[in-house]
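S.K.: what's the 3D shape of this:
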Amino acid sequence: MRMNFMELDEQTKANITDAFYRMAQSFNETELERQRPHVLMRPKLMLDGDKWCVLYGENLQEGLAGFGATPEQAMNAFDAAWQHDAHSKTSDPASRWSGPLGVGPLAEANARAKMFS
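M.R.: Down below sits the predicted model:
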């Protein structure tokens, strides 16, 4: 016997509604994580002495990096550096430098997101 949602008792309706809400929240959190610079740009993660380094580019002088005691801290530092770099020195951050795809960092992030979605 099939029941529709309106025929269910209030507790069951509340449980179903809560499950859908939690599922939507989880989806939103996952999507926000996928949009972080270290996910989109796929920088190199390496151990540099006693610190972890996340490096986007050929070297520290030409690229962008984040450092931390753990890989997660280094990735968070990289994301913060990316956001700072994108908002500093010029109103058009895409014109500041070129990445491997031959465009600026924001345009490259959008291009990579399209390639992997």
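S.K.: for this structure, which residue is closest to the average position?
M.R.: For the chain, the residue lying nearest the average C-alpha position, counting by CA atoms, centre = their mean, turns out to be residue 36 (1.4 Å).
S.K.: so which strand or helix has residue 54?
M.R.: strand 51-56 (DSSP states H and E).
S.K.: I meant residue 23, not that one.
M.R.: Going by DSSP H and E, residue 23 is in helix 10-34.
S.K.: which SSE is immediately downstream of that helix?
M.R.: helix 37-40.
S.K.: can you list the strands that the helix or strand following that next one pairs with?
M.R.: For helix 37-40, the following helix or strand on the C-terminal side (DSSP H and E) is strand 44-48. When pairing is defined by DSSP bridges, strand 44-48 lines up against strand 51-56 (antiparallel).
S.K.: buried residues in the strand it pairs with, which are they?
M.R.: 52-56 (16 or more other CB atoms under 10 Å). Bear in mind the C-beta positions are built from the backbone N, C-alpha and C, glycine included.
S.K.: avg pLDDT for that strand?
M.R.: Average pLDDT, strand 51-56: 96.
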